[in-house]
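In: Coordinates only, no sequence provided:
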């Protein structure tokens, strides 16, 4: 049991989550008519949410459509920068604590 907990605690779950989030953002079709929503407010029928459109806006940003990205959600550039910074920070942390060069 101790070996299993050591493997789980040593596994970089947060890093995998953020990399998966970026891959998901790259796979979003922002020009499509419908999109899948993880927003709990949208799923409850409340149509206003401060974060709605952020994923599609970040997808537009990765496709180079800066004007449409800014008009959909102005915080997309900031959110994208924060996610990239956090991934770099987690990789540096793994390299320094595990001594991977």
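Out: Good, I have the coordinates. Since we're looking at a predicted model, the values are computed, not measured.
In: which residues sit against the host helix or strand of residue 96?
Out: Using DSSP states H and E, residue 96 sits within helix 76-98. Residues outside helix 76-98 that contact it (C-beta atoms under 8 Å, 6 or more residues apart in numbering): 12, 14-15, 18-19, 21-22, 54, 57-58, 60-62, 69-70, 100-101. No exception for glycine: its C-beta is placed from N, CA and C like everyone else's.
In: Mind giving me the packing neighbours of the host helix or strand of residue 5?
Out: Using DSSP H and E, residue 5 sits within helix 2-10. Contacting helix 2-10 under the criterion 3 or more C-beta pairs under 8 Å, 6 or more residues apart in numbering; DSSP states H and E is no other helix or strand.
In: what's the angle from the helix holding residue 96 to helix 2-10?
Out: 140 degrees (axes from the mean of the first three to the mean of the last three C-alpha atoms, to 10 degrees).
In: Could you shift the numbering so residue one becomes 272, and keep it that way?
Out: Will do, 272 is the new start, and the previous item becomes helix 347-369.
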